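>>> Structure for this input, please:
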Amino acid sequence: MLGCAQTGTGKTAAFSLPILHLLAETPRNGPRKIRTLMLCPTRELAAQIHENIELYAAKLDIRSMVMFGGVSQKPQERNLRRGVDILVATPGRLLDLMSQRLLDLSKVEFLVFDEADRMLDMGFIRDIQKILAHVPKKRQSLLFSATMPHSIISLSKDMLFDPIRIDITPESTTVEAIKQSLMFVRKADKRPLLTHILLEESPEKMLVFGRTKHGCNKIVRLLERDGFEALAIHGNKSQGARERALSRFREGSLQILVATDVASRGIDVSDISHVINYDLPNVPEVYVHRIGRTGRAGQGGIAIAFCDENEGEYLRDIEKTIRQSIPVNEEHPFHSSKAQSKKGDKAPKKKQNRGRPRRIGVEDRSSRKSSNRGGNKSPGRGRHKRSRGGNRTGNRSGGGNRTRNRSGGSNRKR
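Here you go, the predicted model:
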């Protein structure tokens, strides 16, 4: 089955509840074996799916576990030895334990790919192909995503046999309950604009998206300088730090969470009031996932996008993808007419590192030294490296030849 549904509409329940029902109707024979494998791209999403399954299966004799990297594998090994029916995993750690022959996928009946487009973006295709080689061909496969670009449809042809496709909403549309707005601002003014929004609107929970890990850390430092507590979650943070930050954000003791796109698929917090696109994503479908962190389960939410003078191309692609123009808000003290005039312009190319400067040749170096010092000093060691045959021997002998050269005479060996 190939399923496409807007983020926050309950895809996890859509695939886990029927699987739990079927597993309960056909009890196992003998020791517990992995009968269901659910793959997802991020640790946060894997943990979230596992929490939901634990809740749904609370009254059933079905055991599940979650597996991802960034933590010790010892507890995961113990759970595997006890036996599990449902395994929720990220591809990297799964392959690690498979290579150590610590798990067996030969009894898998249901194979689920959640957020499949993100898995493709993050380069998991080779890992997925390796995993597929260890899963029975006779199985039920389900592929879910909030967006369904052509690359995913092509990929599904290798994973799914004659799939049924279900589209709950048109792909890449945005939730109507979310109030979107666009603010044109100079890049240097993004931080004071973010502080202005915090002071003016006093959001209950604000999720801020940056494009890079370094950028997220910088946003946190700038917010703390202005007196606001914020934490960042991204791939360079330890799993414990990411879980603590997300837990505080979920329970309400942290107002501002700054994240990269790696976390946008694993944050299921129902009461996020504001999502700020501090940096516009360079992949337009990512915008849909970002703002989908608010307005969950039909609730309202506010999504604000900053666009500086270098992001006009990204904005054009986003509006083309969501098939609508984002309303522009000029009523803020940092509005930039220059950034607005650049809408649709291509992003400037980054300057390439030209590498090391051209190495000066022997003759160039010799002439340069001669011009600086009157020509009385020998060319130096560079001559020794470049010379061949007898010259090398003559120069290395040092002694008298070097003395004659320094004196400015013409007795140097040729």
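
>>> which of the residues in stretch 317-327 are buried?
By 16 or more other Cβ atoms under 10 Å, the buried positions in stretch 317-327 come out as 317-319, 321-322, 326. Just so you know, the C-beta spots here come from the backbone N, C-alpha and C atoms, and that holds for glycine as well.

>>> Tell me where the stretch 251-400 of the chain has strands.
For the stretch 251-400 of the chain, the strands defined by DSSP state E, counting those that start in this stretch occupy 256-259, 274-277, 301-307.

>>> Those: which one's closest to S99?
Smallest distance to S99 across the strands of the stretch 251-400 of the chain (Cβ to Cβ): 30.9 Å, for strand 256-259.

>>> Tell me which residues are up against the helix or strand hosting Q129.
In this assignment (DSSP states H and E), Q129 forms part of helix 125-132. The list of residues contacting helix 125-132 from outside it, by Cβ atoms under 8 Å, 6 or more residues apart in numbering, reads 37, 39, 91-92, 94-95, 98, 105, 113, 119, 155, 159.

>>> can you do 6 Å?
The contact list for helix 125-132 (Cβ atoms under 6 Å, 6 or more residues apart in numbering) reads 91, 95.

>>> Report the rounded mean pLDDT for that helix.
For helix 125-132, the mean per-residue pLDDT is 89.

>>> Which of the buried residues of stretch 317-327 sits closest to N52?
I322 (27.8 Å).

>>> How much space separates the closest one from S72?
42 Å (Cβ to Cβ, to the nearest Å).

>>> Ok, F15 next?
Counting by Cβ to Cβ, the gap from F15 to S72 is 29 Å.

>>> Give me the buried positions along the helix holding Q129.
Here helix 125-132 shows 127-128, 131 as buried, counting by 16+ other Cβ under 10 Å.

>>> circling back: quick one, which of F15 and S72 is more surrounded?
Taking neighbours as other Cβ atoms under 10 Å, F15 and S72 compare with F15 leading, 22 against 8.

>>> ok, the more buried one - contacts?
So F15 contacts 112, 142 (Cβ under 6 Å, 6+ apart).

>>> Now with 8 Å, please.
Applying Cβ under 8 Å, 6+ apart to F15 gives the contacts 3, 38, 112, 114, 142, 144.

>>> which stretches of the stretch 1-150 of the chain form strands?
Along the stretch 1-150 of the chain, the stretches classed as strands by DSSP E, counting those that start in this stretch are 2-4, 36-39, 64-67, 86-89, 110-113, 140-145.

>>> most packed of those?
When you average the neighbours per residue for each of these (mean count of other Cβ atoms under 10 Å), strand 86-89 leads with a mean of 26.

>>> What strands line up against that one, and which way round?
Partner strands and pairing direction for strand 86-89 (DSSP bridges) are strand 36-39 (parallel), strand 64-67 (parallel).

>>> how about those, which one is nearest Y287?
strand 36-39 (24.4 Å).
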